[in-house]
Structures are given as C-alpha cells and as structure tokens.
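Asks: 3D model of this:
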Amino acid sequence: MILFDYPEKEIRHKVLEMKNKFLSGNVQLEKLIMKLSIGPKYVNKSYYVLLFVNNHKMYNLDYKIGEKVDYIIIDTNSFSFNKNSTLLGDKIMSLDLYKNICEKATKNKDIIKPKLDYQYYYYHCVETGFKNLLKVLNNNISDLL
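Replies: Numbering: from 1, shown residues only. A predicted model of the protein is given here:
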C-alpha cells in the first residue's frame, strides 16, 4: 500500500523513529519551541497563561499584553515554579528564562538545569495529532504510536 507516495514500510520506519527520538529525549531544543500570545483577557480565560506570567514575574520577567513569547515545556520533577505542581502553567517556561538558568547552571553546579518534558511533547504534540491522521490512512501504522 502506498501512502503519500511513500511505501508503507518507510512510513512505518519514520513513525517509529520519531517516537523513539521523543521518548529518548533526542530532539533538538529548536524543534520544541512554541509561541504563547499574552492576550488582553488572559486573567479570566486562560489560567495557564496567568500562571505563566506570575511565575515569570518571580524572575523579573514581566510580559505585557500583546507580547508573543517563545516557550518550552519543562519537566516539573527537575524544576518547578510551584512545588509538586502538575499544572500546564507551571510546566511552561520562556525560552529566555530557560537559557538564562542553563547558562548559570554551567557556572554554578548548585543550580539545577531544568529538563525538557519529552513525555509531554510526545503525547500532546505527536501521539494525539499523528495518531488521528494515520488512523484515517492505515490503522496498523497509527497503532505504532
């Protein structure tokens, strides 16, 4: 069977390769960056954005309405704005803050470098989207995810 003009075997191989890269944490930082828009009603409508803004204020990063912020998802077991939190707003870290902490961690071994949450990326960005797409084409391939 040919899907997207590629043999099924090749698609199957690429799907497994992508899955293994995410689950092993072997994805470049640049490929994981997302954008967050700070909207005028973020206080009421998006609790995770409010958490993000308040968490970053602790580090003297004050984002204004209308700003678009590059961010990543961190593993809260390695770094947490709020201890033992699993909330999305506590998992989101601006790229600027991440790079700043990483730079300080190279100079000071007491500073713990935040780790990226590859499980989150895999589940939310890869598995859910690709699984639905591939299921339409071939259920056997979507089951690989």
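
Asks: List the contacts of Lys21.
Replies: Applying CB atoms under 8 Å, 6 or more residues apart in numbering, we find Lys21 in contact with Val27. Any C-beta I mention is one placed from the backbone N, CA and C, and that applies to glycine too.

Asks: Looking at the helix or strand hosting it now, give me its mean pLDDT.
Replies: Secondary-structure assignment from DSSP states H and E places Lys21 in helix 8-24. For helix 8-24, mean pLDDT rounds to 82.

Asks: partner strands of whichever helix or strand comes after it, parallel or antiparallel?
Replies: Counting by DSSP H and E, the next helix or strand C-terminal to helix 8-24 is strand 34-37. Using DSSP bridges, the strands paired with strand 34-37 are strand 68-73 (antiparallel).

Asks: what's in contact with the partner strand?
Replies: Contact with strand 68-73 is made by 29, 32-38, 52, 63, 91-96, 98, 116-117, 120-121, as judged by CB under 8 Å, 6+ apart.

Asks: Try it again at 6 Å.
Replies: With contact meaning CB atoms under 6 Å, 6 or more residues apart in numbering, strand 68-73 is reached by 32-37, 63, 91-95, 98, 117, 120.

Asks: List the buried residues of that strand.
Replies: Neighbour counts over strand 68-73 (16 or more other CB atoms under 10 Å) mark Val69, Tyr71, Ile72, Ile73 as buried.

Asks: what do you get for stretch 6-20?
Replies: Neighbour count says stretch 6-20 has Ile11, Arg12, Val15, Met18, Lys19 buried, by 16+ other CB under 10 Å.

Asks: With distance to Cys102 as added columns, please give those in TSV.
Replies: Below are these laid out as TSV (distance: CB to CB, whole Å):
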residue	distance to Cys102
Ile11	36
Arg12	36
Val15	31
Met18	25
Lys19	26
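
Asks: Dead centre of the chain: give me the residue that sits there.
Replies: The residue lying closest to the centre of the chain (CA atoms, centre = their mean) is Ile73, at 3.8 Å.
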